[in-house]
Structures are given as C-alpha cells and as structure tokens.
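In: Fold the stuff below for me.
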Amino acid sequence: MIDIFSNTNILLIFAIMWVLPWKGYALWLSARKGQKWWFIILLVINTLAILEIIYIFLIAKKRRVPKEDSDSLL
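Out: Here you go, the predicted model:
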C-alpha cells in the first residue's frame with residue numbers, strides 16, 4: 001500500500017504549492033507585458049520558482065508599460 005504522507009510526497013506537495021502561485025503570477029505578468037520570450041522561458045524551465053521570483057521582482061519592474069489615457073481612444 002502506498003503511504004500518501006511519506007517524506008517524498010510531502011516534499012512534492014510543498015514544492016507544487018510553492019511553485020504554482022509564483023509561476024502563475026510570472027506568466028500572467030509576462031503575457032500582460034507582451035514579453036513572449038519570457039513567457040516561453042518561464043513556462044518551460046522549472047527552477048523551483050527562483051527564475052519566476054527574479055523575473056517578478058527584477059525584470060518586470062524595469063520595463064513599465066505606460067498606461068493609455070481613455071480619452072486617446074475616442
């Protein structure tokens with residue numbers, strides 16, 4: 001019988017719970033900013049959220065997208 005709460009399974013569950021929110025937020029940011037290559041890199045490479053955290057706090061902060069005025073669309 002497989003023990004659901006073995007040390008390996010607990011580490012795997014913790015890793016998934018740690019990585020998923022960081023990866024989701026980093027992918028959302030890169031897609032919103034139109035950074036196709038960052039999106040692909042973040043989607044493919046798994047680094048236990050290290051790359052995602054670097055992207056969120058260093059890369060995404062440097063490249064601010066100016067907001068458009070709603071008046072300019074009229």
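
In: contacts, neighbours, all on C-alpha from now
Out: OK.

In: buried residues in the lengthiest helix in the chain?
Out: In the chain, taking DSSP state H as the definition, the longest helix is helix 7-32. Neighbour-count burial for helix 7-32 flags 19, 22-23, 26-27, 29-30 (criterion: 16 or more other Cα atoms under 10 Å).

In: Which element is encountered next along the chain beyond it?
Out: helix 36-44 (DSSP states H and E).

In: and the angle for that following helix with helix 7-32?
Out: 170 degrees (axes from the mean of the first three to the mean of the last three Cα atoms, to 10 degrees).

In: coming back round to it: could the buried residues of helix 7-32 be laid out in a markdown table, adding pLDDT and distance to Ile54?
Out: Converted to a markdown table, these look like this (pLDDT from 0 to 100; distance: Cα to Cα, whole Å):
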| residue | pLDDT | distance to Ile54 |
| --- | --- | --- |
| Val19 | 95 | 13 |
| Trp22 | 96 | 10 |
| Lys23 | 96 | 11 |
| Ala26 | 96 | 9 |
| Leu27 | 96 | 13 |
| Leu29 | 96 | 13 |
| Ser30 | 96 | 12 |
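
In: Tabulate these (JSON lines), appending distance to Thr47.
Out: Formatted as JSON lines, the buried residues of helix 7-32 follow (distance: Cα to Cα, whole Å):
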{"residue": "Val19", "distance to Thr47": "9"}
{"residue": "Trp22", "distance to Thr47": "11"}
{"residue": "Lys23", "distance to Thr47": "10"}
{"residue": "Ala26", "distance to Thr47": "13"}
{"residue": "Leu27", "distance to Thr47": "14"}
{"residue": "Leu29", "distance to Thr47": "18"}
{"residue": "Ser30", "distance to Thr47": "17"}
